[in-house]
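A.B. asks: This is a predicted model, with the sequence first.
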Amino acid sequence: MLERAQLQLRGGRFRWLNEQLYTRSGAAAAKLMVAEEGAFAEYHAGFRAQTAGWARQPLDICITWLARCPAAWEVADFGCGDARLAARAAQRVHSFDLVAASPGVVACDVCGGPGAVPLPDGAVQAAVFCLSLMGTDYGRSLQEARRVLAHRGTLWIAEVRSRFEGTAGGVDAFLQALDRAGFQLKARDESDALFAIFRLQRRDGDAPAMVSWPALKACEYKRR
């Protein structure tokens, strides 16, 4: 009974943290993670528990995709968590998240606007968002990804499908916003019941400073 109670407490704490991350701005989420000692580790432990039973893991799909790409590429991992992508990919991976929880991770608010990510313009050939489009201002992180992407660089996104359900325009509105932000859709995979994967290419030319990004639903997880 004690173990069950502890699991319920941890599950409730995870769901609370999850809600905060999805319903706050990136700056507010960063303040929360710094103020609440251990919150970042608690969140990711809960996330791993919630997704452990998934038949396919989006990050594994990303690693397989990168294995087919040139090893000389440099990659930016936005919302890297425990930096597993950097540990397994052949390419050099720059890892960014709100908290530097693992060696090599740079702590920053990727939604902080131009220059928030400490990379020069055009520094990487791929930018990865693996279940990491959090916050009410998530679009700012995608625009920052475009800044650090090189000519014809690749934007790789995996996101939970339910986040697009019931929102105005659904997934198409999200892809249209990406198009306006200067990305061309190259591939989309919605074959999995839980998540969708999108691969886009950075278009040449200037992108608008302001893009109207559709609101995405907060990701909800079942009680455990």
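C.D. replies: Done, it's in. Source: prediction; values computed, not measured.
A.B. asks: Can you name every helix or strand that the strand of greatest length in the chain contacts?
C.D. replies: Using DSSP state E to define each element, the chain has its longest strand at strand 149-160. Under the contact criterion of 3 or more Cβ pairs under 8 Å, 6 or more residues apart in numbering; DSSP states H and E, strand 149-160 touches helix 58-67, strand 124-130, helix 138-148, strand 195-202. Where C-beta positions appear, they are placed from N, C-alpha and C, glycine not excepted.
A.B. asks: can you redo the ones you listed as TSV with mean pLDDT?
C.D. replies: Listed next are the helices and strands packed on strand 149-160 as TSV, based on pLDDT from 0 to 100:
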stretch	mean pLDDT
helix 58-67	98
strand 124-130	98
helix 138-148	96
strand 195-202	97
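A.B. asks: Which among these is found nearest to residue 158?
C.D. replies: Proximity to residue 158 (Cβ to Cβ) singles out helix 58-67 among those, at 3.6 Å.
A.B. asks: Measure how the closest one sits relative to strand 124-130, angle-wise.
C.D. replies: Per axes from the mean of the first three to the mean of the last three Cα atoms, to 10 degrees, the angle that helix 58-67 makes with strand 124-130 is 160 degrees.
A.B. asks: My understanding was that residue 123 contacts residue 75; is that so?
C.D. replies: No - counting by Cβ atoms under 8 Å, residue 123 does not reach residue 75; the two are 10.2 Å apart.
A.B. asks: can you pull out the helices in this protein?
C.D. replies: Secondary structure of the chain by DSSP state H: the helices cover 2-23, 26-35, 39-51, 58-67, 84-88, 138-148, 170-180.
A.B. asks: quick one: buried residues of the second one?
C.D. replies: This means helix 26-35. 26, 27, 28, 29, 30, 32, 33 (16 or more other Cβ atoms under 10 Å).
A.B. asks: any idea how far the last one lies from residue 182?
C.D. replies: So that's residue 33. 30 Å (Cβ to Cβ, to the nearest Å).
A.B. asks: Now do the same contact list for the residue positioned nearest the centre of the chain.
C.D. replies: Per Cα atoms, centre = their mean, the C-alpha nearest to the average position across the chain is that of residue 132, at 2.0 Å. Contacts here follow Cβ atoms under 8 Å, 6 or more residues apart in numbering; on that basis residue 132 touches 78, 79, 80, 81.
A.B. asks: which residues are in contact with both of residue 123 and residue 75?
C.D. replies: Between them, residue 123 and residue 75 share these contacting residues under Cβ under 8 Å, 6+ apart: residue 94.
A.B. asks: who has more neighbours, the two?
C.D. replies: Ranked by neighbour count (other Cβ atoms under 10 Å), residue 123 and residue 75 place residue 75 first, with 24 against 16.
A.B. asks: before we move on, the earlier item: ok, the buried residues of helix 26-35 vs residue 174, which is closest?
C.D. replies: Relative to residue 174, the closest of these is residue 26; by Cβ to Cβ it sits at 17.8 Å.
A.B. asks: So that closest one sits against residue 108, correct?
C.D. replies: No - with contacts counted by Cβ under 8 Å, residue 26 stays clear of residue 108, the gap being 9.5 Å.
A.B. asks: Within its local environment, how many residues does residue 92 see?
C.D. replies: By other Cβ under 10 Å, neighbour count at residue 92 equals 12.
A.B. asks: which ones are touching it?
C.D. replies: Applying Cβ under 8 Å, 6+ apart, we find residue 92 in contact with 73, 74, 75.
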